[in-house]
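A.B. asks: mind folding the following:
(3 chains)
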Amino acid sequence: MLVEIAGLNIVFAGRNGPHTAVRNVSLTLGTEKLGIVGESGSGKSLTARALLRLLPPAATATAEVLRVDGTDVLQASERRMQTIRGHRAGLVLQDPKYALNPVMTAGAQIAEAWRNRRKGTRREAREAAIDLLAQVQIRDPARVADCYPHELSGGMGQRVMIAMMLAPDPALLIADEPTSALDAPVQMEILNLMEDLVSRRNMGLMLISHDLPLVGHFCDRVAVMYAGRIVEHLAADRLAQASHPYTRALLDCLPSLAHPRPRLPVMTRDPAWLA
Amino acid sequence: MIVVDDLRIRFGDHDVVRGVRFSVEAGGSFGIVGESGSGKTTVMRALAGLNDAWDGYLQVAGVPLGRGRNADLHRRVQMVFQDPYGSLHPRQTVDRALSEPLLVQGIGDVDRRIRKMLSDVALPAAARFRYPHQLSGGQRQRVAIARALISEPSVLLLDEPTSALDVSVQAEILNLLTDLRAERQLTYLMVSHNLAVVAHLCATVGVMSNGEMVEILSTEDLRAGRTQQPQTARLRALSLEMN
Amino acid sequence: MIAHLVDRAWLLSDSPQSRAQAALGSAYRLWCDFRANGPAFLGLVVVVILLLAAAFAPLLATHDPLIQNLGQRLQPPSADHWLGTDELGRDVYSRLLFGARVTLGIVFAVVVLVAPIGLAIGCIAGYYRGATDAILMRVTDIFLAFPRLILALAFVAAIKPGIGSAVIAIALTTWPPYARLARAETLVLRDADYIAAVRMAGASHRRIILRHIMPLCLGSLVVRVTLDMSSIIIFTASLGFLGMGAQPPSPEWGAMIATARRFLLEQWWVPLIPGIAILVASLAFNLLGDGLRDVLDPKQD
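C.D. replies: Residues are numbered from 1 along each chain as shown, chains lettered A, B, ... in the order given. Model (predicted):
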């Protein structure tokens, strides 16, 4: 198993006492594609960040089991965590503008990520970077390698980000809203690309998104989070038969091109969902 | 109600909008879809009087738009912005945000109008003296809608009004916009990259690509697949695939 | 209303019933954040004590700060002269108290003169951009280009040494950074959607700048001014030390050090005591400014 989580709680210390943002979350991930879906504040991003020990300072994570690639994240040394973050698990964030170093070329950043893991000359690293750019289906990889992040479009930046994350050959890719800043057609291209790379390299993918249909489209399994809890966990192709009222409401309140309705159903939140 | 004819906008030596023309009748609803960089928001900001660097002809509520300050334009046209976190002044209460248009335009009866407007957008009266940081994203967008409507304009410009919101909140805001248009006989011009959202709210859809409006068609034609241009067909196919 | 000011629940209410309650509640939250910052609170306490000492100097002083008593010159601290006497036998403790009036008076006069000018110039330049911005910022650059102390010295020397000239000289060299700061903030704020919304409401440029942009620039300006107060204190003291600020027998702290520096080796407490006063005052303003930055700086919201 790449990821094992059992009984994960994340608590924030606040002015008005502690606030539990993630409550008793358990899930596992092998070499497959798992989607975690929820609205803002549902704890989906925190859960993913806890795996890499990247929580904000005010948050504390406790769990019965919290393992990434066999390492106990709660016990591991900072050095060990750096190896995990750099080599074993890649993290793709929403906006490549903030995740890429603005004063380094795309090629140099990918080459650096590659050299972190393997020993090699500068020339080998650059060749590897260009090869990775080609793998993320950039048409002119040698030219893009010499571009600075501000010279790249959103979709292109996200491809560079993915190439950088793939450079150390990780076993797990965590993507936190990787396409929400992109236009629909580019969004599809990026997700298709990630799906393809993950399948070919036999990796695990954790895709975090607020977009339930999108996640259903690309993942094998979907975990639906609500107010810090996983309320439903199901195979992606069974989304249409979802049993939890929250999951159903999430699907139902979307406007649809195919099925027009004069009014959209409004979600009524049942306190029982918090049980 | 809105006439846009041969609108051209340049930023530096880059043509952002290249000869766009469309019109919206009174009480109508027109949606512009297109990818980012297609120029859709630029068209809207010119109509809002927020950008003077345009060429061509713009007319709102029977009056042609001039450049510079259009004091009476703002009685007829108001706008709801995309990001509810950036469209409310961080140090001003809801009350202040809503009273500002009334004070500026010399409209009296401030207290009653604010209370009425809050209830019209389904905000609790208790929200009146809160600051933006004390409100949720959906509540902020309701405040932004209330601020736009409190001076009783006839045209409402909607710039991606739900794209920063959770889908359950998006449904509530879309319903609210539907109701408000019916109650107040408003004319809507909406910009979005989400075809399903535009089709939900608008009767007519214009597709923009690369600074041009490549196709204008009715929502029924769009739903039925009677599209003329490949860009439209592609957007439609994507939207159907994801639903 | 007054009774509510001590009512925590009323202040922290999530649904205030009036503008006043909302504003007070928001101020109270800032106060709570500020209170939690120990050093900043200490800075505030010291500043308040200094202000009180300056305000009530005639009541607190044990002697007249100007009366000389040559038989009692350069006395070490004693029951009669708590901090000793200077070279003319004047009571150092009393001079220190009255000196606080001069020093803090200069500091506040400078701030009152400089902060609104900097804020106005910066906001106008940043809001209108274009030619207005270019002209105002070049003027700012000219003032910024002069070495501060030399400009002040030249100015004071050209007119006549004294507190009034010192205030104007310090003010002349202090406003440009505030204009820069306000302009930088305004450049970001003017393109915000909420400013576009006020423009669409039909508000005049004047109204937008005064009521919507300036209040947002005010936070960082207050922080910057508070942090600068320590350097104004030191600058005032420097001018006094060089004989270009307050003139004898006025008990300005810098001038006190200047006249007492001859006794640094034998009667070291005479120059040391005003030195400590300068140190404590500037440190207090610095701590206070640091704390205000944590609370007010919008970048950390």
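A.B. asks: contacts for stretch C:137-144 next, please.
C.D. replies: Identification of contacts with stretch C:137-144 by CB atoms under 8 Å, 6 or more residues apart in numbering or on different chains yields C:Ile121, C:Ala125, C:Leu151, C:Leu172, C:Thr173, C:Trp175, C:Pro176, C:Pro177, C:Ala179, C:Arg180, C:Arg183. Any C-beta I mention is one placed from the backbone N, CA and C, and that applies to glycine too.
A.B. asks: how far away from the center of its chain is it?
C.D. replies: Centroid separation for stretch C:137-144 versus its chain: 22 Å, with CA atoms, centre = their mean, to the nearest Å.
A.B. asks: need the residue closest to the centroid of chain A.
C.D. replies: For chain A, the residue nearest the mean C-alpha position is A:Ala175 (1.9 Å; CA atoms, centre = their mean).
A.B. asks: could you find the closest non-adjacent residue to it?
C.D. replies: A:Val92 (4.3 Å; CB to CB, 6 or more residues apart in numbering or on different chains).
A.B. asks: name the SS class of B:Arg10, please.
C.D. replies: Here B:Arg10 is strand, with the state taken from DSSP: H, G, I helix; E, B strand; the rest coil.
A.B. asks: C:Gly202 - nearest residue in space that isn't next to it in sequence?
C.D. replies: Nearest to C:Gly202 is B:His74, by CB to CB, 6+ apart, at 4.1 Å.
A.B. asks: that neighbour is in what secondary structure piece?
C.D. replies: helix B:73-76 (DSSP states H and E).
A.B. asks: center of chain B - which residue?
C.D. replies: Nearest residue to the geometric centre of chain B (CA atoms, centre = their mean): B:Leu158, 1.2 Å.
A.B. asks: show me what that residue is bridged to.
C.D. replies: B:Val80, B:Met190 (DSSP bridges).
A.B. asks: list the contacts of stretch C:189-209.
C.D. replies: B:48-50, B:71, B:74-75, B:77-79, B:81-83, B:86-90, B:97, B:100-101, B:104-105, B:144, B:147-148, B:151, C:123-124, C:126-128, C:211-213, C:216-217.
A.B. asks: could you point out the helix or strand that follows the helix or strand of chain A with the lowest mean pLDDT?
C.D. replies: Ranking every helix and strand in chain A by mean pLDDT, DSSP states H and E puts helix A:96-99 at the bottom, with a mean of 80. Downstream of helix A:96-99, the next assigned helix or strand under DSSP H and E is helix A:106-117.
A.B. asks: dump the C-alpha coordinates for that next one into PDB.
C.D. replies: What follows is helix A:106-117, C-alpha atoms only, in PDB (Å, rounded to 0.1, in the frame of the first residue of the first chain):
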ATOM      1  CA  ALA A 106      11.600  25.400 -16.400                       C
ATOM      2  CA  GLY A 107      14.300  23.100 -17.600                       C
ATOM      3  CA  ALA A 108      16.700  24.100 -14.800                       C
ATOM      4  CA  GLN A 109      14.000  23.400 -12.200                       C
ATOM      5  CA  ILE A 110      13.200  20.000 -13.600                       C
ATOM      6  CA  ALA A 111      16.900  19.200 -13.900                       C
ATOM      7  CA  GLU A 112      17.400  20.100 -10.300                       C
ATOM      8  CA  ALA A 113      14.600  17.900  -9.200                       C
ATOM      9  CA  TRP A 114      16.100  15.100 -11.200                       C
ATOM     10  CA  ARG A 115      19.600  15.600  -9.800                       C
ATOM     11  CA  ASN A 116      18.300  15.500  -6.300                       C
ATOM     12  CA  ARG A 117      17.600  11.900  -6.800                       C
END
